[in-house]
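> With the input below, show me the fold.
(2 chains)
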Number of protein chains: 2
Amino acid sequence: MSTERLTGNMLIAQSGGPTAVINQSLVGAVLEARKHKQIKRIFGSLHGLKGILEENLCDLGKETKQNLELVAQTPSSALGSARKKPTPEDCVKVFQVLQKYNIRYFFYIGGNDSAETTHIINEAAQQAGYQMKCFHICKTIDNDLRENDHTPGFGSAAKFVAQAFMGDNLDNRSLPGVKINVIMGRHAGFLTAAAALARVYPDDGPHLIYLPERPFSIEKFLADVKAVFEKYKRCVIAVSEGIADENGVAIAAKFTKEVDNHGNVQLSGSGALGDVLADAIRKADIASRVRADTFGYLQRSFVGVVSANDAKEARQCGQMAVKFATGGQFDNGSTAIKRKPGRKYAVAIERTELKNVAKETRHMPDEFIAGSNNDVTSAFIAYAKPIVGDLPKIGRLKAVKIAKA
Amino acid sequence: MSTERLTGNMLIAQSGGPTAVINQSLVGAVLEARKHKQIKRIFGSLHGLKGILEENLCDLGKETKQNLELVAQTPSSALGSARKKPTPEDCVKVFQVLQKYNIRYFFYIGGNDSAETTHIINEAAQQAGYQMKCFHICKTIDNDLRENDHTPGFGSAAKFVAQAFMGDNLDNRSLPGVKINVIMGRHAGFLTAAAALARVYPDDGPHLIYLPERPFSIEKFLADVKAVFEKYKRCVIAVSEGIADENGVAIAAKFTKEVDNHGNVQLSGSGALGDVLADAIRKADIASRVRADTFGYLQRSFVGVVSANDAKEARQCGQMAVKFATGGQFDNGSTAIKRKPGRKYAVAIERTELKNVAKETRHMPDEFIAGSNNDVTSAFIAYAKPIVGDLPKIGRLKAVKIAKA
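As a prediction, this is how the structure comes out:
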């Protein structure tokens, strides 16, 4: 633990999939950094580690506060992002560039892979005896980071999903049939589960919710859909793109040959899974009108649908990372959102060890998943509601029936 | 033309695809009707003509104003809708039911098919010597009704498309690649064209826009994408679900075997077209990261994205239909939104003949389509902007580059 005041430059970068509030974290960190004299220049790396490796950096000291505030409310990584996971050699090279620019404060906004990368860069600096504060700032719409009650980006994506399902349920009520919506989330079902927040009236959809945390069986699925359709004459279904069978094989992989350049089945950016499930329902002759939509990239970067708490907390994570880094108490770490006990929703941004967030991810806990394996529990609703915040109010007609003449 | 005061009951129904503001028209008509003493009871038919045929009616006189106002701001037909086009026998049956319930004021909210149906019902009443005012209230997200500058529902759907593209362009800028978004609109490209409103900076997407009004060639498409990708290292594309080749054969039909129960190729509710185009780009080796999203039903019923002008005009169309029907000047007709000349945006709701709106639809005029056939013109932007209204403000970093150390 260092107690002296470490003086030098700061570098911040963004990584992985964008979110609607990822720039709140960026701007929170940059504006907080301006308050600390030991931080000299503030650099941004363009497109994550790629920008560091190519020394493609920008001067965030040149940004006006006004423009930064506009950027803060703009979805998707303003510095650009990157998907490539760095090799150990990359990390050594990254460290060398950071050293060359006298970076003493390094901040990396991302998910668990980014926490791992921050950890490796931190170790490279320590081994070289180079003093540098390395902090990871949490973000992911998947909500799958350990140590966090929830993650920045999830609340806004969940709000989009909830509002989409509110509308789609109304659409399905107007023109009845079976409607499947495929939601992002390869291994964690939180975002798919957020569809449940759309329910206002007892018969509202989603009527069925399928999460990657539970094995998916097409026979069980068809039986579930049939039962709902018989009850309501319609059925709205939320399906995670990552649903897999009892052996962990993704359903999308079983039915489609769409693979990306690395031979991995492509789950996002394709409508295949929804179409396959719709086809199965048609073939089982459950309903004549069957449709599937895949929400795709709209969920994570939609302009104009932002959770107020999500935006606020993302900002705080950026601020707190700089406070932790300049406070003298910690050399490295990751920001973690902890929920305070009590009935009123409140959070604290705490510092946790990088290794606690790196590598492994978390999943929907059992108490959030209904025993039927096709729904969420009221505990999940209570958990997710304040993260997502208020949803638009909707109504329906009393529609008092007239006696036939 | 009748001059006496026709006294009796009113019936209103909703038809076709839902919109975000279709209940504004319903509530506008109902609240206006309450002001007119010659209208006795106000009935709603559940699920369009189906509700009339089955005498499945509700009493809209039993709704509180407060609840109606909540319904007005709720997307998707509150009375329920229907897709089935009535046979001539159905129309006679409908007329008989209307007569049985002493309906003297009939209002049908829908697109051109609904105008046609209203026309047929009106003729049946006239032939029977039964006095009844028959009015069609315009709506469709496709914006393809003749006589109308634009139609209720279009502005809000266009706003959704624009906001989605704003976010998706930012996403694509952050993680470059080729991104295709498939938009609703089988024959008219207005909604796809609205993607152009997303552009804020000169290099913003959508970089290419393909409309059903121009023949689509896969070779031209691939050459266009290649050129954009070489210029920007990324490419965002808006494609209408209805794009067709020079013989009018839908591209979706050429590449997919997905057909509905009537043997028609299913364009909405399937991700097939986007996947096919993405695959063609991958095969042509233009870019390694290629993704496709199909916006699907989200576009027409999303909760929380509504154009203020669209909501206001939809309300006015409902009000004006009742005013036309009760005013004594007209026995039947359809509401049509006319734009007033002048620099400031203003509209008037006029009455037009049912047959002027029925059957045929309109398309994007030539002056709205760029000569390159892959974009819209500034005339379209000027036309669409006030209909859609203000979009959320976004910003980007100045990102002043640092000289390499």
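
> can you tell me if the helix or strand bottoming out on mean pLDDT in chain A touches chain B.
Lowest by mean pLDDT, DSSP states H and E among the helices and strands of chain A is helix A:251-255, with a mean of 77. No: counting by Cβ under 8 Å from any Cβ of the partner chain, chain B is not contacted by helix A:251-255; separation bottoms out at 11.7 Å. In short, each C-beta sits where N, CA and C put it, glycine included.

> Contacts made by stretch A:124-136 with the rest, please.
With contacts defined as Cβ atoms under 8 Å, 6 or more residues apart in numbering or on different chains, stretch A:124-136 is touched by A:2, A:6, A:8, A:91-92, A:94-95, A:98-99, A:103-110, A:114-115, A:118-119, A:121-122, A:321-322, A:324-326, A:330-335, A:354, A:357.

> again, but for stretch A:88-101
Defining contact as Cβ under 8 Å, 6+ apart, one finds that stretch A:88-101 is touched by A:9, A:11, A:43, A:49, A:52-53, A:55, A:57, A:86, A:106, A:117, A:120-121, A:124-125, A:128, A:130, A:132, B:402, B:405.

> Narrow the contacts of stretch A:124-136 to just the buried residues.
The neighbour-count test (16 or more other Cβ atoms under 10 Å in any protein chain shown) marks A:6, A:8, A:91, A:94-95, A:98, A:103-110, A:114-115, A:118-119, A:121-122, A:321-322, A:324-326, A:330-335, A:354, A:357 as buried among the contacts of stretch A:124-136.

> Can you give the distance of stretch A:109-119 from its chain's centre?
Distance of stretch A:109-119 from its chain centroid, counting by Cα atoms, centre = their mean, to the nearest Å, is 14 Å.

> close to chain B, is it?
No: no part of stretch A:109-119 sits near chain B under the criterion Cβ under 8 Å from any Cβ; the closest distance found is 11.8 Å.

> Average the pLDDT values over that stretch and round to the nearest integer.
The average pLDDT for stretch A:109-119 rounds to 95.

> Give me the pLDDT for A:Arg186.
If you check A:Arg186, the pLDDT there is 86.

> count of residues packed around the nearest residue to it once chain neighbours are set aside?
Nearest non-adjacent residue to A:Arg186, counting by Cβ to Cβ, 6 or more residues apart in numbering or on different chains: A:Gly242, 4.1 Å away. Applying other Cβ atoms under 10 Å in any protein chain shown, we find 26 residues neighbouring A:Gly242.

> any idea how far A:Gly242 is from chain B?
Distance of A:Gly242 to chain B, given as Cβ to the nearest Cβ, to the nearest Å: 17 Å.

> in which helix or strand would I find A:Phe160?
Using DSSP states H and E, A:Phe160 sits in helix A:154-174.

> Kindly apply the preceding question to A:Glu230 instead.
Secondary structure assignment for A:Glu230, by DSSP H and E: helix A:218-232.

> so what's A:Gln14 up against?
By Cβ under 8 Å, 6+ apart, the contact list for A:Gln14 reads A:Ile22, A:Leu26, A:Gly48, A:Ser77, A:Ala78, A:Leu79, A:Gly80, A:Ser81, A:Ile109, A:Gly110, B:Ser174.

> If we ignore the residues flanking it in sequence, what's nearest it?
Counting by Cβ to Cβ, 6+ apart, A:Ser77 is the residue found nearest to A:Gln14 once chain neighbours are left out, at 3.9 Å.

> isn't that neighbour right next to A:Asn23, touching?
Yes: when contacts are counted by Cβ atoms under 8 Å, A:Ser77 is listed as touching A:Asn23 (7.1 Å).

> where does the stretch 1-150 of chain A have low pLDDT?
Scanning the stretch 1-150 of chain A with the threshold set as pLDDT under 70 gives A:1-4.

> returning to that earlier point: the helix holding A:Glu230 near chain B anywhere?
No: with Cβ under 8 Å from any Cβ as the criterion, chain B is not reached by helix A:218-232; the gap is at least 13.1 Å.

> And that helix, what's buried?
A:Ile218, A:Phe221, A:Leu222, A:Asp224, A:Val225, A:Lys226, A:Val228, A:Phe229, A:Tyr232.

> In JSON lines: those residues, plus distance to A:Asn169 and pLDDT.
As requested, those are arranged in JSON lines below (distance: Cβ to Cβ, whole Å; pLDDT from 0 to 100):
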{"residue": "A:Ile218", "distance to A:Asn169": "24", "pLDDT": "95"}
{"residue": "A:Phe221", "distance to A:Asn169": "19", "pLDDT": "98"}
{"residue": "A:Leu222", "distance to A:Asn169": "21", "pLDDT": "98"}
{"residue": "A:Asp224", "distance to A:Asn169": "17", "pLDDT": "98"}
{"residue": "A:Val225", "distance to A:Asn169": "15", "pLDDT": "98"}
{"residue": "A:Lys226", "distance to A:Asn169": "19", "pLDDT": "98"}
{"residue": "A:Val228", "distance to A:Asn169": "13", "pLDDT": "98"}
{"residue": "A:Phe229", "distance to A:Asn169": "15", "pLDDT": "98"}
{"residue": "A:Tyr232", "distance to A:Asn169": "11", "pLDDT": "98"}
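
> ok, so of those residues, who is nearest chain B?
A:Tyr232 (13.1 Å; Cβ to the nearest Cβ).

> If we ignore the residues flanking it in sequence, what's nearest the closest one?
Leaving aside its sequence neighbours, A:Tyr232 sits nearest to A:Asp203 (Cβ to Cβ, 6+ apart; 5.9 Å).

> Where does that neighbour fall, secondary structure wise?
Assigned by DSSP H and E, A:Asp203 falls outside every helix and strand.

> In the stretch 51-200 of chain A, what residue comes closest to chain B?
Going by Cβ to the nearest Cβ, chain B is nearest to A:Leu70 of the stretch 51-200 of chain A, at 3.1 Å.

> can you count the residues close to the closest residue to that residue other than its chain neighbours?
In space, A:Leu70 comes closest to B:Gly395 once its chain neighbours are excluded; the distance is 3.1 Å by Cβ to Cβ, 6+ apart. Neighbour count for B:Gly395, taken as other Cβ under 10 Å: 19.

> who's in contact with B:Gly395?
Under the criterion of Cβ under 8 Å, 6+ apart, the neighbours of B:Gly395 are A:Asn67, A:Leu70, A:Val71, A:Gln73, A:Thr74, A:Ala78.

> how about a cut-off of 6 Å?
A:Asn67, A:Leu70, A:Val71, A:Thr74 (Cβ atoms under 6 Å, 6 or more residues apart in numbering or on different chains).

> Looks like the third one contacts A:Ala78 (just checking).
Yes: under the criterion of Cβ atoms under 6 Å, A:Val71 is in contact with A:Ala78, at a separation of 4.9 Å.
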